[in-house]
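Novice: Take this sequence and fold it.
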Amino acid sequence: MSDRLARVRADIAQAEREAGRAAGSVTLIAVSKTFPADAAEALIDAGQTVFGENRVQEAKAKWPALKERHPEVALHLIGPLQSNKAREAVALFDAIHTVDREKIAAALSSEIARQGRSPELFVQVNTGEEPQKAGIPPKEAVDFVSRCRSAHGLSIAGLMCIPPVEEAPGPHFALLRKLAEEAGVDGLSMGMSADYATAVAFGATHVRVGSALFDGRSYPEQGA
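Specialist: Numbering: from 1, shown residues only. Purely as a prediction, here's the structure:
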């Protein structure tokens, strides 16, 4: 597993150089969903400190003990968030990449105020406008970021997308970057195991990599 981590890190470093970007400008999120705690801990022991999970309940069962042993680890929610899980999500996660509707923004605002804890927040954009996929339509994304700030008092760090699997990712990454510039945010959470080098070339600040790091995932990845 350490060999896989070294290979992915080397690929990211090369993509940064080729894009003329500063070394270390991209955060690697190791997507550990569906894998047990010992698999995640093996990557922690190899030096990985940022992890992603898709479901609040799975993360709640897996990560508190791991974070107690490894307080340097940051945990990111990269899967859909239900409003009734906002309390647990704010308590557990250091970043949430899937703010995608007013109800979620309101729930997060309430919990952030109540808990005094502020995870980094990304707005998910459905760049392919796929009906089965979560995310704000591109034409509404900039206004939604503005409402998150003005109506809910949220600080939005960036945007996130998952391009359609049957389409080239580059145009979707370019669209997300354009929307981020219009919205006045710097973070770009984009790129997964099959296309993270391309995402780096288009300005990704966070790449979500699962299958390139972990072996034997039991079902197709969503968002990694």
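Novice: So which residues of the chain form helices?
Specialist: Ranges of helices in the chain, per DSSP state H, are 2-18, 37-45, 56-69, 86-92, 102-115, 138-150, 170-183, 196-201.
Novice: So which of those helices is the most surrounded?
Specialist: Of the helices of the chain, the one with the most neighbours on average (mean count of other Cβ atoms under 10 Å) is helix 196-201, at a mean of 23. C-beta: built from backbone N, CA, C; applies to glycine.
Novice: which helices and strands does it pack with?
Specialist: Helix 196-201 makes packing contacts with helix 2-18, helix 170-183, strand 206-209 when contacts are defined by 3 or more Cβ pairs under 8 Å, 6 or more residues apart in numbering; DSSP states H and E.
Novice: Identify all contacting residues around it.
Specialist: 8, 11-12, 14-16, 18-19, 21, 26, 169-170, 173, 188, 190-192, 204, 207-209, 212 (Cβ atoms under 8 Å, 6 or more residues apart in numbering).
Novice: which residue packs closest to S118, ignoring adjacent ones?
Specialist: I112 (5.4 Å; Cβ to Cβ, 6 or more residues apart in numbering).
Novice: And D94, by the same measure?
Specialist: Using Cβ to Cβ, 6+ apart, the nearest residue to D94 is A74, at 4.2 Å.
Novice: wait, isn't that neighbour in contact with T49?
Specialist: Yes: A74 is within contact range of T49, at 6.4 Å (criterion: Cβ atoms under 8 Å).
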